[in-house]
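Asker: the sequence and its predicted three-dimensional model are supplied below.
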Amino acid sequence: MEIKELLEKSKSIWGDEKLNLSQIIVRTGKVFGDLCRWERDVKKDKETHNDYELKKELGNMIFSNIRWCDDLGYDPEECIKIAIDCQEKFVEENVK
């Protein structure tokens with residue numbers, strides 16, 4: 001799917017309500033916490049540690065961030081391009 005299609009799908013699921021930065025931070029923390037629990041790997045969480053659940057959480061990060069860019073008035077494709085440019089620059093200056 002194209003980024004534009006993912007954004008449209010997100011809006012069809014969640015509607016037109018836009019989250020503010022504070023609301024986005026809380027939701028990001030929830031998904032990040034799920035990934036941290038995965039890494040912590042305690043006994044009570046073992047049942048949920050499977051490929052499906054990890055893929056779901058990584059997908060939540062990708063899919064939700066596309067919507068959140070738009071909620072804040074940013075073009076998700078531009079945000080991705082900026083991230084790519086910055087990562088390339090970082091590697092060029094610090095890794096190679």
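Answerer: Cool, got the structure.

Asker: pLDDT below threshold where in the protein?
Answerer: Within the chain, the set of residues satisfying pLDDT under 70 is empty.

Asker: just give me the residue right at the centre of this protein.
Answerer: Nearest to the mean C-alpha position of the chain, by CA atoms, centre = their mean, lies residue 61 at 2.2 Å.

Asker: that one - nearest residue in space that isn't next to it in sequence?
Answerer: residue 31 (5.6 Å; CB to CB, 6 or more residues apart in numbering). From N, CA and C alone the C-beta is placed, and that goes for glycine too.

Asker: so who does that neighbour touch?
Answerer: 57, 60-61, 64 (CB atoms under 8 Å, 6 or more residues apart in numbering).

Asker: where along the chain do the helices fall?
Answerer: Along the chain, the stretches classed as helices by DSSP state H are 3-14, 21-40, 51-71, 76-94.

Asker: pick the most deeply packed of those.
Answerer: Greatest average neighbour count among those goes to helix 51-71 (a mean of 15), per mean count of other CB atoms under 10 Å.
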